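Participant: Got a sequence here, can you model it:
(6 chains)
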There are 6 protein chains.
Amino acid sequence: MTRITVVNPNTSAELTAAITTAAQAVAPLGVEIHGAQPDVGVPSVESHTEEQFAAVGVLELVRRHDAVTDAFVVACFGDTGVAAAREVASGPVIGMTEAALQTACLVAERFAVITLPPRTAAHSHRVVHALGLGHRCVVSAVDTGVADLLDGSTHLLETFATAAWAAREQDGAEAIVLGCAGLADLVEPLSETVGMPVIDGVAAAVGLASSLLAMGVGTSRAQTFAPMTVPALRLAEGIA
Amino acid sequence: MTRITVVNPNTSAELTAAITTAAQAVAPLGVEIHGAQPDVGVPSVESHTEEQFAAVGVLELVRRHDAVTDAFVVACFGDTGVAAAREVASGPVIGMTEAALQTACLVAERFAVITLPPRTAAHSHRVVHALGLGHRCVVSAVDTGVADLLDGSTHLLETFATAAWAAREQDGAEAIVLGCAGLADLVEPLSETVGMPVIDGVAAAVGLASSLLAMGVGTSRAQTFAPMTVPALRLAEGIA
Amino acid sequence: MTRITVVNPNTSAELTAAITTAAQAVAPLGVEIHGAQPDVGVPSVESHTEEQFAAVGVLELVRRHDAVTDAFVVACFGDTGVAAAREVASGPVIGMTEAALQTACLVAERFAVITLPPRTAAHSHRVVHALGLGHRCVVSAVDTGVADLLDGSTHLLETFATAAWAAREQDGAEAIVLGCAGLADLVEPLSETVGMPVIDGVAAAVGLASSLLAMGVGTSRAQTFAPMTVPALRLAEGIA
Amino acid sequence: MTRITVVNPNTSAELTAAITTAAQAVAPLGVEIHGAQPDVGVPSVESHTEEQFAAVGVLELVRRHDAVTDAFVVACFGDTGVAAAREVASGPVIGMTEAALQTACLVAERFAVITLPPRTAAHSHRVVHALGLGHRCVVSAVDTGVADLLDGSTHLLETFATAAWAAREQDGAEAIVLGCAGLADLVEPLSETVGMPVIDGVAAAVGLASSLLAMGVGTSRAQTFAPMTVPALRLAEGIA
Amino acid sequence: MTRITVVNPNTSAELTAAITTAAQAVAPLGVEIHGAQPDVGVPSVESHTEEQFAAVGVLELVRRHDAVTDAFVVACFGDTGVAAAREVASGPVIGMTEAALQTACLVAERFAVITLPPRTAAHSHRVVHALGLGHRCVVSAVDTGVADLLDGSTHLLETFATAAWAAREQDGAEAIVLGCAGLADLVEPLSETVGMPVIDGVAAAVGLASSLLAMGVGTSRAQTFAPMTVPALRLAEGIA
Amino acid sequence: MTRITVVNPNTSAELTAAITTAAQAVAPLGVEIHGAQPDVGVPSVESHTEEQFAAVGVLELVRRHDAVTDAFVVACFGDTGVAAAREVASGPVIGMTEAALQTACLVAERFAVITLPPRTAAHSHRVVHALGLGHRCVVSAVDTGVADLLDGSTHLLETFATAAWAAREQDGAEAIVLGCAGLADLVEPLSETVGMPVIDGVAAAVGLASSLLAMGVGTSRAQTFAPMTVPALRLAEGIA
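Facilitator: Numbers count the residues shown, from 1 in each chain, chains lettered A, B, ... in the order given. Model prediction:
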């Protein structure tokens, strides 16, 4: 049995549960999905500041689960901590953003990320630019916070559909990338509503991680991602 | 049972067999691999000219196998015919080149394609550029023809290793993409020799295709890849 | 006397005639224009699928006419088969798309392609991107098929003018590239209507081909376009 | 009196002292430089993993010093934590990397970063790419660790000179950016040795921060960097 | 005492006075600002043609003032003559456009140039592109001539505010670069009106020039900007 | 009869004669070539400083010859003054650099500029970048001055051949662009020696200008190149 640990970088166990369920639904036979979130950290990632604390949580979780994990998926749009996690994890590490963007390239010529809240558009642009996809991907945002997703996201269907149609009309988008973890329940209704493929990055990342494991292709240790040990530090509550 | 048809765009049944075996080795449980090559076409693809005839073969094979195929993998470095095949196939279509390049992005910051023969470097550049990966990927080539691979490629180990080390030294490459179908038997020895991940695009494409099927994400029909029927034309031998 | 063969990749003799007449109107003294289309092939090129069959027709025509042709012009927006034709033809080969885009660069800082039908916008983007002109060129499309051009295109004047004005207003376009062969009769009225240069790629390609011949500059045989023979294959009607 | 706090993201007080001295040497009249490093954190930043812990230290220091600081300079090549610090600090925040790269653009057409150790080249590429300077800047590295700089860096003169000449010869570099804090004592001897401007990013950042303060231009609050409070979390020693 | 000469490339002494005053307001202690304009030249720079004559004026002024000048600032949006002035001046030369764009990068993720008149948008694009900032900066224009600024620019507040809001809404701009010298009196009211940082390039350039002087970093003489003497030529009135 | 005026921006009548002869050799029937150089100006263009004076000469010549000229070719690598000349000339204006680069794209996948002297490499990069060809073109230089070309350039054959082979070997160049006017006599021997197409930009520009005239496509007047009158200013000898 192969195990993929899906790391939710925020502290919300509800979100971990939702993400894990969605990941399990697409995991290949023989691949077991395990979800985890940090004990200490931020309740959601909606800013660069929160990203920094979340990244430390990612590393903490990788340290804790590495011995029993074949590959990690980082379930935070913006892929916080992924490069660092590649240095630390024994197996492959996939960010949900890179996974979603790569998947979109395979089914559409041009596509759109719809992220939330608007202030995080720069986080999406960062990954789009690192992958060189500025000529094929536009980023838009809906004015909602992550807190609004804790009980599911289907109430946002109309908001997302409006953004998707705008991206179709104005930018020629032919597929939609959901720009946040925890939106998996939007995939089906949004896809049906707008008539375009809708991609959840966590599901996409599970597929990529499984594929890397099947091929036996791991993180290159040649230079950038040569192995590192996580420093003996932890996040604690309270102000220094 | 899910079926992926791996399309070998040249007419070599030996190459189809080798590719199919390699693809089967990485296919997830529940995914069946079927290989096919055109009856009429070119024995290998080592030029733009041969690409054009091979692409017609790809379309012919997609037409013929679509009813019993869940997803197609096109096993020719350069991804000839893939965009067209997306218009024609009912399910997803993945090119081995795009699959390999995306995979390399997940395990290395910079990487190199080693293709063959040298005149096809432009074919690699075309896909690298379409994916926006010019800042992360270099293309080099070894001076060998496809005919030289029909009985396996392990005799090319040293040649590939030399090219890999050069890419490591001069361009900071941290992973190697094998720039031709039928090189799967090089993955393991080359990886061991050079100490870097080595990626076979066919295996990578099988993983991506399986993942798309698991997610239920298909080719966007919104515009570029709206459905087409293959014209009632075929390649025949002889000159018009 | 110098001869340029203008290859119409689809099977419409009416379109060949229109294209040839337009090409003759701009040919330098001493340059003779000859038009040709494949016997077997697709009636129009409005998808990647049709592009693939059309490209085989281009190669067939190059083979047939090479002995009596000094340079070829490929008259299909998207430049299908051009790279392959460069391997096969003895003299230079110019695509109408690359010719039009280069010409626009000489008379305008920013410009727009107006192509048709909308699903082929990706074909234009492909050439724009290969030439590195994404920072100077936008692509828009009008919702018409090639069949609608067989009796001339002046009935589309208003449609094109509306698209041209939109490109001027929203994207700062200062010149218009007609994104299809067979639109030459729109050049003059559209230019007058919108007050911007309007460029027909076939005419532009004839100029470039003539210029290459006058300079004695031919296709480089150094690597990518080293000579190839067209395989002894032909398109035939019917399904394999 | 205006105060700029130079944040050393690692815990080395020696390095803070060296950096602060160098910063003071270039500060405009009326600008006071104050150096600081985190109490708890990593001794040096030579990997993505260490960057993540260092970034939390940056935020901690910004929180602690914000009330008495007009602008912050982050003294770590790679600009770890800078985007987050912009959300948190009342005044401007400048990274030493962006400052150095911008400065190089003002005195040279092409230039080179010489960073250390080699595994951090990707950190430099990240900032170069974010600023769009891939066409003007190359990144090379010397095989030394940060620990080797604690007693000054002049013993590395020859190593850096060799790298600088190679960048001059092979890539047309006309100026050198020192790719690490704590190398300020190399500026003068290296510049004299290689006959090119040599840029220390901390000095450059102090100039930019002073300039922003003089103009009254602060971080935009319009969207990406809208104000954030640092979460009530701290780094503690030990493993969770 | 350090002296920066602010070169106004057009012949308007009123504009020189306004620019100099604004520059003095932000100069660090110990830095003296001196303004100058050519005796013979163009009254304003609103075209490529005027740029060419203005550039000769820049060189004439650099020759005349070099002996008593530590650094030059060229106060014309588009940075006409800056590369040439770098070859001629003993000290650093900073263009207001590059200074403004770099400054914007430090306080905003995306930003907009608002220039005038519209025909000069291409001048802004030229500098944006040379700095590689096409992915972060959009250029818009207001329909006003430079003559309209001679008595100050606050009457243009509403016009600029409208353009700024449009850039915010449509392109995600978070800061505004004023695309002309002589708009410094707009900085404060526009910033207040639109709630975004507003950047005057002359002020930014004074800061950068002061910073280079404080660091002792001058123009690289390695290749592109190796020293040149201005030819013994001058602009005279009348037609040759 | 159609007249193209080839503007030599430096004052060397010998160079004008050489350029004009070469241009006449490739002009289409019915196109008359007329060469001209400024009375007052710089003897050669080997720096940004000289470019600025040369550009004023270009404008002077355009003013003087416009009434009897159908199109202009600017014969200076770097295309100094071309954008301005487009505002002033009634007919099209073509720079030899843009013409050469575009031509190279039609016969080679990758190519190299070999310019002189080395300090002007940045001038070539400027045009390469403006045309978006950084992914297909490298720039190298030979260490020779323009003065060395006044009696012909065939003595430089070996020097250029060495540079061409290096570009072929290291960068995959398949064609060579001669990076200076007055090198036309190198085209044939260099092409024979290195076995690659060699392109003289003046010849290429004559072809493009002829082609634009044949098509009736002129400079767009929509915005950037709206008509301008050259100011009543001239270059005079002596220092102001």
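
Participant: Next, the contact list for the residue nearest to residue A:136 when sequence neighbours are not counted, please.
Facilitator: Of all residues beyond its chain neighbours, the one nearest residue A:136 is residue A:110 (5.3 Å), with distances taken as C-beta to C-beta, 6 or more residues apart in numbering or on different chains. (Glycine included, C-beta is placed from N, CA and C.) With C-beta atoms under 8 Å, 6 or more residues apart in numbering or on different chains as the criterion, the residues that contact residue A:110 are A:136, A:137, A:138, A:171, A:172, A:173, A:174, B:224, C:122.

Participant: try it again with 10 Å
Facilitator: Contacts were defined as C-beta atoms under 10 Å, 6 or more residues apart in numbering or on different chains; by that measure residue A:110 touches A:104, A:133, A:135-138, A:167-168, A:171-175, B:220, B:222-224, C:121-122, C:125.

Participant: And for residue A:165?
Facilitator: Taking C-beta under 10 Å, 6+ apart as the criterion, residue A:165 is in contact with A:173, A:193, A:194, A:195, A:196.

Participant: for residue A:204, same thing?
Facilitator: Remark: with contacts taken as C-beta under 10 Å, 6+ apart, residue A:204 is in contact with A:26, A:73, A:94, A:96-104, A:106, A:177, B:208, B:211-212, B:214-215, B:217.

Participant: Quick check: what element follows the longest helix seen in chain A along the chain?
Facilitator: In chain A, taking DSSP state H as the definition, the longest helix is helix A:48-65. Where DSSP states H and E defines the elements, the next helix or strand beyond helix A:48-65 is strand A:71-74.

Participant: Spatially nearest residue to the residue nearest the centre of chain A, not counting backbone neighbours?
Facilitator: The C-alpha lying nearest the average C-alpha coordinate of chain A belongs to residue A:96 (C-alpha atoms, centre = their mean; 2.7 Å). With C-beta to C-beta, 6+ apart as the criterion, residue A:96 has its nearest non-adjacent residue at 3.2 Å, and that residue is residue A:201.

Participant: Assess the claim that that neighbour and residue A:82 are in contact.
Facilitator: No. In this structure, residue A:201 is not within contact of residue A:82 by C-beta atoms under 10 Å, at 11.6 Å.

Participant: Compare the two (neighbour count), which wins?
Facilitator: residue A:201 (34 against 26; other C-beta atoms under 10 Å in any protein chain shown).

Participant: quick one, what contacts that one?
Facilitator: Under the contact definition (C-beta under 10 Å, 6+ apart), the residues listed for residue A:201 are A:73-77, A:79, A:94-104, A:113, A:127, A:177-181, A:183-184, A:208.

Participant: confidence score at it?
Facilitator: Residue A:201 is assigned 98 on the pLDDT scale.

Participant: That one and chain F: what is the separation?
Facilitator: Note on residue A:201: its distance to chain F, by C-beta to the nearest C-beta, to the nearest Å, is 29 Å.

Participant: any idea how far the residue of chain A most remote from its centre is from chain D?
Facilitator: Of all residues in chain A, residue A:240 sits farthest from the chain's C-alpha centroid, using C-alpha atoms, centre = their mean; the distance is 30.5 Å. Between residue A:240 and chain D the distance, using C-beta to the nearest C-beta, works out to 4 Å.

Participant: what does residue A:153 give?
Facilitator: Using C-beta to the nearest C-beta, one gets 22 Å for the distance from residue A:153 to chain D.

Participant: which residues sit in contact with that residue?
Facilitator: A:18, A:116, A:144, A:159-160, A:178, A:180, A:182-187, A:189-190.

Participant: what about 7 Å?
Facilitator: Under the criterion of C-beta atoms under 7 Å, 6 or more residues apart in numbering or on different chains, the contact partners of residue A:153 comprise A:182, A:183, A:185, A:186.

Participant: hang on, the earlier thing: any idea of the pLDDT on the spatially closest residue to the residue farthest from the centre of chain A that is not a sequence neighbour?
Facilitator: With sequence-adjacent residues excluded and distances taken as C-beta to C-beta, 6+ apart, residue A:240 is closest to residue D:234, at 4.0 Å. According to the per-residue confidence, residue D:234 scores 96 in pLDDT.

Participant: quick revisit: on the pLDDT front, check the residue nearest to residue A:136 for me.
Facilitator: pLDDT, the model's per-residue confidence, is 98 for residue A:110.

Participant: end to end, how far does stretch A:181-196 reach?
Facilitator: Its first and final residues considered, stretch A:181-196 spans 19 Å by C-alpha to C-alpha, to the nearest Å.

Participant: Touching it from outside, list them.
Facilitator: Contacts made with stretch A:181-196 from outside it, assessed by C-beta under 7 Å, 6+ apart, are listed as A:8, A:15, A:18-19, A:22, A:75-77, A:96, A:149, A:152-154, A:156-157, A:160-161, A:164-165, A:168, A:174-176, A:178, A:197-198, A:200, A:202-203, B:220, B:222.

Participant: How is residue A:113 assigned, secondary-structure-wise?
Facilitator: Put simply, residue A:113 is strand when judged by DSSP: H, G, I helix; E, B strand; the rest coil.

Participant: burial count for residue A:79?
Facilitator: The number of residues packed near residue A:79 is 30, by other C-beta under 10 Å.

Participant: Show the backbone phi and psi for it.
Facilitator: For residue A:79, the backbone dihedrals (degrees, to the nearest 10) come out as phi 60, psi 40.

Participant: so what's it closest to, chain neighbours aside?
Facilitator: With C-beta to C-beta, 6+ apart as the measure, residue A:95 is the residue that lies nearest to residue A:79, at 3.0 Å, once sequence neighbours are left out.

Participant: Buried by neighbour count: which residues of the helix or strand where the residue nearest to residue A:240 lies qualify?
Facilitator: Residue D:234 is part of strand D:233-237 when elements are defined by DSSP H and E. Neighbour counts using 16 or more other C-beta atoms under 10 Å in any protein chain shown place D:233, D:234, D:235, D:236 of strand D:233-237 among the buried residues.

Participant: Tell me the one among those residues nearest to chain E.
Facilitator: Within the set of the buried residues of strand D:233-237, residue D:233 lies nearest chain E; the separation is 25.1 Å, counting by C-beta to the nearest C-beta.

Participant: Check the contact between the closest one and residue A:237; I expect there is one.
Facilitator: Yes. Counting by C-beta atoms under 7 Å, a contact exists between residue D:233 and residue A:237, whose distance comes to 6.2 Å.

Participant: which neighbours do those two share?
Facilitator: When contacts are counted by C-beta under 7 Å, 6+ apart, residue D:233 and residue A:237 are jointly contacted by residue A:40.

Participant: Now do the same contact list for whichever residue of chain A sits closest to chain E.
Facilitator: Of the residues in chain A, the one nearest chain E is residue A:122, at a distance of 4.5 Å by C-beta to the nearest C-beta. Residues touching residue A:122, when contacts are defined by C-beta under 7 Å, 6+ apart, comprise D:224, E:109.

Participant: can you state the direction angle for the helix or strand harbouring it and strand A:111-115?
Facilitator: Secondary structure assignment for residue A:122, by DSSP H and E: helix A:121-130. An angle of 150 degrees separates the directions of helix A:121-130 and strand A:111-115 when computed by axes from the mean of the first three to the mean of the last three C-alpha atoms, to 10 degrees.

Participant: all strands of chain A, in order?
Facilitator: In chain order, chain A shows strands spanning A:2-7, A:31-36, A:71-74, A:93-95, A:111-115, A:137-141, A:176-179, A:198-200, A:233-237, with DSSP state E as the criterion.

Participant: tell me which strands and helices the first one is in contact with?
Facilitator: If I follow you right, that is strand A:2-7. In terms of contacts (3 or more C-beta pairs under 7 Å, 6 or more residues apart in numbering or on different chains; DSSP states H and E), strand A:2-7 is packed against helix A:13-26, strand A:31-36, helix A:48-65, strand A:71-74, helix A:201-215.

Participant: Noted, bye for now.
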